[in-house]
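[1] Requesting a structural model of the entry that follows:
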Amino acid sequence: MHDDRTLVESRLKRVLDERIRPAVYPESVPLEVGIWTAPGEPVPVAEGLAAPRTPIAVGDAWGAPWGTSWITVTGTVPQAWAGRTVEALIDLGFDANMPGFQCEGLVYRPDGTPVKGLNPQNQWVRIASPAVGGEQVLLHVEAASNPVILDYHPFLPTELGDKETAGEQPQYKLARMDLAVFDETVWQLVVDLEVLGELMAELPVENARRWEVLRAVERALDAVDLQDVNATAAAARSELAGVLAAPAVPSAHRISAIGHAHIDSAWLWPLRETVRKVARTTANMTALLEDEPDFLYTMSQAQQFAWIKEHRPEVYARVRKAVAEGRFVPAGGMWVESDTNMPGSEAMARQFVHGKRFFLDEFGVENQEAWLPDTFGFTGGLPQIIRNAGSKWLLTQKISWSQINKFPHHTFLWEGIDGTRIFTHFPPVDTYNCSMKGSEIAHAARNFKDKGAARHSLAPTGWGDGGGGTTREMVAKAARMRDLEGSATVRWEKPAEFFAKAEAEYRNPPVWVGELYLELHRATLTSQAKTKQGNRRSENLLREAELWCTTAALRTGAPYPYEQLDRIWKTVLLHQFHDILPGSSIAWVHREAEATYAALAEELGELIGGAQQALAGEASGGRELVFNAAPHARSAVPAGGAGPAVVHGSGCEAVERPDGGFTLRNGLLEVVVDARGLIGSVVELASGREAVAPGSRANLLQLHPDFPNMWDAWDVDQFYRNTVTDLTDVDSLTAECAADRASVRVARSFGSSTVVQTLTLRAGEQRVDIDTEVDWHETEKFLKAAFPLDVHTERYASETQFGHLYRPTHTNTSWDAAKFEACNHRFVHLDEPGWGVALVTASTYGHDVTRAVRDDGGTTTTVRFSLLRAPRFPDPKTDQGLHRFRHALVPGASIGDAVREGYRIGLPERRVTGSAEQVAPLVELDNDALVVSAVKLADDRSGDLVVRVYEAGGGRARGRLTTSFPLADAVPCDLLERPWDGTRGEVAVEDGAVRLALRPFELVTLRLRAAR
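    As a prediction, this is how the structure comes out:
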């Protein structure tokens, strides 16, 4: 037989495109259209429905950027259409290639009842089946004219990302506005041919099944009368019935499909628009669930459920009903799909606390899985947090985006820094927006790396980001692939059903130890510095607010602000979403985030101040108390308590050097600052050990060009290192000395920017504090602060949630080399046996570490903190303006010192005047390796005290936790404060105290009940 594959396949494409698809709607009449544009921000539904309309026609422009227009369509079903299926086709000016990234709409009936969303791949609204001739049609569309930010030429700078700069130019033109007959037989034929055509393209040429499908398709095309498709569609379908009925082979890969719409809580649109994206999508999905009995849909992010509950209660009622029926499945158990690299320990825990509690309270549902398909890498501290939240599975897809190394598994056990293992799945379909294309299904089966040991994978199916979710076409395709020869089998299954099957069949999966590092989007650790600073500051303030409000409640009877703290936590958690905290959203998002963080700081400051004053007593008492919120004692004030202010010792000096610069001394350290304002030497006097590598200078600011190949705000490509400018020119260099400190002030200018740094040595402190103020006006540049250290080590520690993890300083393998930019929380620590150095930071997250061997044979290990970037997409003015940073260099530091100094830099002492002599801590620990991360009242308002403790040094630690009140009981709990038997260490009440024995990095939550 001659090979005519190309001939038949080309015929199929043209006939589908030009004859069969157009015949799905064989008859149509135009609708009358009217429009009203809301001034400013979106208006309530009732206002939009009632507003007067102005006529508008197909082809007319509408919609300024970020505007809202209420469009009304009216018409009459022709008498000749009686008994047929009729739909309205409403095309707002969609580009079918951009689902979720352009205009959208939500359709309402005249009484305000939502019908469904309108999206590029979902433009129809069912009117009636069967229709009644003469029936009047009246629909309203709340249409959002969201501008296209990520266009066909991607990553071009645009002012459209903020309503303050976007202008008023209409973005869209109305396209089709018709009432039409829907021919379901033709539509089914389209789906038949698409499924078989796509399957055929994925089968090997030598496979007999491919030729069977080809011949059946050819017969079907022969059966279609191209001048009367509607009359001959049924005959064409009958030619395909045989090949569609052939069952899959027993060894076929098994795909669990779940309806899904990954909706970024903010990204190329502001938070307020996400509220409406969620409403449109959930309206779509609840409608599809009613139409398709086999279909199941899942949605993560409790925040998004809360939004529709508040803003679209009529849609939420439909969601609640579908959840109760078990077909709309809440997933993930987190408040948002957050970044996991940068959120602090407590914040990461609270993501699960607030997410899981919302689903329990609203639906009685408790998730067993964490659902993070799009997050930019996963910290090694996460498995323990997932387990302590009462979950046991993780799904993500993002690691497949890594540029250099291919991850070796799709289903595996992920082991965290404490030894916790979580059953984890990466969908081999390599997308969280599967559309049921044959190429996607075939790729999932081919790509699956665990063949032979496992057969199941998951496929999140649907258009995300406002694209409307799963479509009826996707459901129809899945039905045909349920049991189809040549294809993987596809069944709609809940995430929990998939995980249970996958775990049951894969009894001994491989293990991946440590962080799941994404070899991409590394610059998200630095972009939008003020957003990152706002997050860290909010986390610290929340720690203080909970601690002091709890102490005041138990000591003075002051009311505990449950609702206020709950609301603030949820706001902070929202802004940890994986496109907000990483700095990859439009200007509007980050402008609002900065304002939100400022408001939260003021509100939390008032809570802290009020609680501390209640504890200190009347200000007229005249005694100054120092409050210490850090988990370690300092200045003779215990952790979590307050005591008299201590006058720090003297002995600091700043001596001018003959060759320029200054020498600073405080009896513990001697620091040389040269004439260029660079640190040439830091000597720990007790050991005589020099921290700075010979011939090098520390606190060296370095400027790189920064123009990645794509994803400007997200990426920094390794070639940025090829070009560097050391900022050594000095505008001024001065010193100042007081009894308790000595400092040097360095001012520099470069490009269009200026920087002022103050290097301070304080009495009694073995560290160099570095305060940096940058007035930043560069474009596509990367600013780093370098610290070349005289330390020989093959690895270094970076703090993460509830502990730290180690990364190599070398680049032995491609996996090592790929980590050229990594995340830290409050510290980076390097050591040789017996001596180490810590670098701590108040608010930066990105860093790099390299090593080199000097001519003298010694090793220089250089740590560089990443300070600022200046990408132009999606925010063309990223990070422009004034920034302040605080870092510190701590020579002679152990890991314990690094932990202590990391907390100190973000939790400054607070001084309050009152009448009390001291405030005793509610709880105290006798081992500094055991760190308190939270002190709060139980969320159930029982009055119980909740204390969270973790082992911070990476070793086993024993200790006693004592309370300032008579202790009746101490109950180990999960993160949701429920009794839990999952604690692996030892927890026992003994002689009125809690005896603890924790494993490395182990986390324990204790509910303490006072004796009555």
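[2] in this protein, which helix or strand is least confident?
    Counting by mean pLDDT, DSSP states H and E, the chain has its least confident helix or strand at strand 986-990, which shows a mean of 93.
[3] Pull the contacting residues for residue 691.
    682, 683, 684, 698, 789, 790, 791, 837, 889, 891 (CB atoms under 8 Å, 6 or more residues apart in numbering). From N, CA and C alone the C-beta is placed, and that goes for glycine too.
[4] What is the burial count for the second one?
    So that's residue 683. 19 (other CB atoms under 10 Å).
[5] Which helix or strand contains it?
    strand 679-684 (DSSP states H and E).
[6] Check which element follows that strand along the chain.
    strand 689-690.
[7] Tell me which other helices or strands the strand holding residue 683 touches.
    strand 669-673, strand 689-690, strand 881-891 (3 or more CB pairs under 8 Å, 6 or more residues apart in numbering; DSSP states H and E).
[8] Of those strands, which stretch is the most buried?
    Scoring those by mean neighbour count under mean count of other CB atoms under 10 Å gives strand 669-673 as the most buried, with a mean of 23.
[9] so what strands line up beside it?
    strand 662-665 (antiparallel), strand 679-684 (antiparallel) (DSSP bridges).
[10] quick one: contacts of the first one?
    Translated: strand 662-665. 651-657, 670-673, 733, 735, 742-744, 759, 761.
[11] out of these, which are inside helices?
    Judged by DSSP state H, helices contain none of these.
[12] in the stretch 551-700 of the chain, what spans have low per-residue confidence?
    Low-confidence segments of the stretch 551-700 of the chain (pLDDT under 70): 647-649.
[13] Do a quick rundown of the strands in it.
    Ranges of strands in the stretch 551-700 of the chain, per DSSP state E, counting those that start in this stretch, are 623-628, 641-644, 653-656, 662-665, 669-673, 679-684, 689-690, 700-705.
[14] for the stretch 901-1012 of the chain, same thing?
    Under DSSP E, counting those that start in this stretch, the stretch 901-1012 of the chain gives strands at 910-914, 923-925, 930-937, 945-951, 957-963, 967-973, 986-990, 993-998, 1003-1010.
[15] Highest mean neighbour count out of these?
    It is strand 945-951: most buried of the strands of the stretch 901-1012 of the chain by mean count of other CB under 10 Å, with a mean of 24.
[16] Next, the angle strand 1003-1010 makes with that strand.
    Interaxial angle of strand 945-951 relative to strand 1003-1010 (axes from the mean of the first three to the mean of the last three CA atoms, to 10 degrees): 150 degrees.
[17] Note down every partner strand of strand 945-951 and its orientation.
    Counting by DSSP bridges, strand 945-951 is paired with strand 930-937 (antiparallel), strand 1003-1010 (antiparallel).
[18] hmm, back to that, then the strand holding residue 683 to PDB, C-alphas only?
    C-alpha atoms of strand 679-684 as PDB (Å, rounded to 0.1, in the frame of the first residue of the first chain):
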ATOM      1  CA  ILE A 679      36.600  46.100  55.000                       C
ATOM      2  CA  GLY A 680      40.100  44.900  54.700                       C
ATOM      3  CA  SER A 681      40.300  43.000  57.900                       C
ATOM      4  CA  VAL A 682      38.100  41.600  60.700                       C
ATOM      5  CA  VAL A 683      40.000  39.900  63.500                       C
ATOM      6  CA  GLU A 684      38.500  38.000  66.300                       C
END
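[19] Reformat the strands paired with strand 945-951 as TSV; add mean pLDDT and distance to residue 134.
    As requested, the strands paired with strand 945-951 are exported to TSV (pLDDT from 0 to 100; distance: least, CB to CB, whole Å):
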stretch	mean pLDDT	distance to residue 134
strand 930-937	98	65
strand 1003-1010	97	66
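[20] Pipe these into a markdown table and attach distance to residue 69 per row.
    As requested, the strands paired with strand 945-951 are exported to a markdown table (distance: least, CB to CB, whole Å):
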| stretch | distance to residue 69 |
| --- | --- |
| strand 930-937 | 47 |
| strand 1003-1010 | 50 |
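[21] Kindly state which of those is positioned closest to residue 13.
    strand 1003-1010 (57.0 Å; CB to CB).
[22] Quick test: name the residue nearest the centre of the chain.
    Geometric centre of the chain, nearest residue: residue 578, 2.2 Å, by CA atoms, centre = their mean.
[23] wait, that residue sits on residue 339?
    Yes: look at residue 578 against residue 339 with CB atoms under 8 Å: they come within range, at 4.6 Å.
[24] Quickly list what's touching both of those two.
    Listed as contacting both residue 578 and residue 339 by CB under 8 Å, 6+ apart are 375, 376.
[25] Is residue 109 in contact with residue 139, as I believe?
    Yes: at 6.9 Å, residue 109 counts as touching residue 139 under the criterion of CB under 8 Å.
[26] what do these two both touch?
    In contact with both residue 109 and residue 139: residue 115, using CB under 8 Å, 6+ apart.
[27] Give me the more crowded residue out of the two.
    More crowded of residue 109 and residue 139, by other CB under 10 Å: residue 139, with 19 against 12.
[28] where's the more buried one, which helix or strand?
    Assigning secondary structure by DSSP H and E places residue 139 in strand 136-145.
[29] Output the contacting helices and strands for the biggest helix by length in the chain.
    Ordering each helix of the chain by length in residues (DSSP H) puts helix 587-616 first. The contact analysis (3+ CB pairs under 8 Å, 6+ apart) places helix 587-616 against helix 529-556, helix 562-574, strand 623-628, strand 641-644, strand 910-914.
[30] Report the distance from the fourth one to the chain centre.
    Its chain's average C-alpha position is 38 Å from that of strand 641-644, according to CA atoms, centre = their mean, to the nearest Å.
[31] Show me what counts as buried in stretch 202-218.
    The neighbour-count check on stretch 202-218 (16 or more other CB atoms under 10 Å) flags 202, 203, 209, 210, 211, 212, 213, 214, 216, 217, 218 as buried.
[32] Name the SS class of the fourth one, please.
    Going back to what we said before, that points to residue 210. Recorded secondary structure, residue 210: helix (DSSP: H, G, I helix; E, B strand; the rest coil).
[33] ok, residue 938 - contacts?
    Residue 938 neighbours (CB under 8 Å, 6+ apart): 944, 945, 946, 977, 1007.
[34] now for those, which pair is the farthest apart?
    The widest separation within the contacts of residue 938 (CB to CB) is 10.7 Å, between 945 and 977.
[35] okay, and the common contacts of these two?
    938, 1007.
[36] could the contacts of residue 691 be laid out in JSON lines, adding distance to residue 198?
    Listed next are those as JSON lines, based on distance: CB to CB, whole Å:
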{"residue": "682", "distance to residue 198": "64"}
{"residue": "683", "distance to residue 198": "70"}
{"residue": "684", "distance to residue 198": "67"}
{"residue": "698", "distance to residue 198": "59"}
{"residue": "789", "distance to residue 198": "57"}
{"residue": "790", "distance to residue 198": "61"}
{"residue": "791", "distance to residue 198": "57"}
{"residue": "837", "distance to residue 198": "58"}
{"residue": "889", "distance to residue 198": "59"}
{"residue": "891", "distance to residue 198": "63"}
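[37] ok, of these, which one's closest to residue 52?
    Nearest member of the contacts of residue 691 to residue 52, counting by CB to CB, is residue 889, at 66.9 Å.
[38] Not counting its neighbours along the chain, what's nearest the closest one?
    residue 768 (4.5 Å; CB to CB, 6 or more residues apart in numbering).
[39] Quick check: the one you found vs residue 890, distance?
    8 Å (CB to CB, to the nearest Å).
[40] likewise residue 541?
    24 Å.
[41] Also residue 249?
    63 Å.
[42] same check, this time on residue 817
    Using CB to CB, residue 817 is found at 28 Å from residue 890.
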